[in-house]
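*Asks:* coords below, sequence missing:
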């Protein structure tokens with residue numbers, strides 16, 4: 001199975017784009033102090049929304065990701081097909 005983009009959910013946060021966003025924020029700012037689960041979930045909802053927006057945008061703009069190959073006198077143009085897990 002090809003690698004799939006996955007925004008994430010609160011119930012399935014591991015290995016998601018949202019978790020990567022959370023990890024990047026933690027790397028930039030340091031691990032945030034412990035907080036009530038409700039606040040953690042609110043922050044994660046923001047990360048999930050950002051990740052879903054990025055995936056939606058990439059899907060709608062796949063034609064902008066043109067890949068050109070030049071092999072000798074041959075020219076091939078292709079476009080990636082994004083695999084998205086829902």
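*Replies:* Cool, the structure landed. Note that the structure is predicted; figures quoted are calculated from it, not measured. Residues are numbered from 1 along each chain as shown.

*Asks:* pLDDT weak spots in the chain?
*Replies:* Applying pLDDT under 70 to the chain flags the ranges 1.

*Asks:* count the residues that sit near residue 28.
*Replies:* 7 (other CB atoms under 10 Å). Bear in mind the C-beta positions are built from the backbone N, C-alpha and C, glycine included.

*Asks:* what's the answer for residue 7, then?
*Replies:* 21.

*Asks:* how close does residue 49 get to residue 12?
*Replies:* 15 Å (CB to CB, to the nearest Å).

*Asks:* swap that for residue 24, sorry
*Replies:* 19 Å.

*Asks:* let me see the contact set for the residue positioned nearest the centre of the chain.
*Replies:* Central residue of the chain (CA atoms, centre = their mean): residue 17, 3.9 Å from the mean position. Neighbouring residues of residue 17 by CB atoms under 8 Å, 6 or more residues apart in numbering: 5-8, 51, 54-55.

*Asks:* run the last query once more with 10 Å
*Replies:* Going by CB atoms under 10 Å, 6 or more residues apart in numbering, residue 17 touches 5-8, 47-48, 50-52, 54-55.

*Asks:* need the max-distance pair from these.
*Replies:* 5 and 47 (14.3 Å; CB to CB).

*Asks:* higher neighbour count, the two?
*Replies:* Shown here are residue 5 and residue 47; by other CB under 10 Å, residue 47 has more neighbours (22 against 16).
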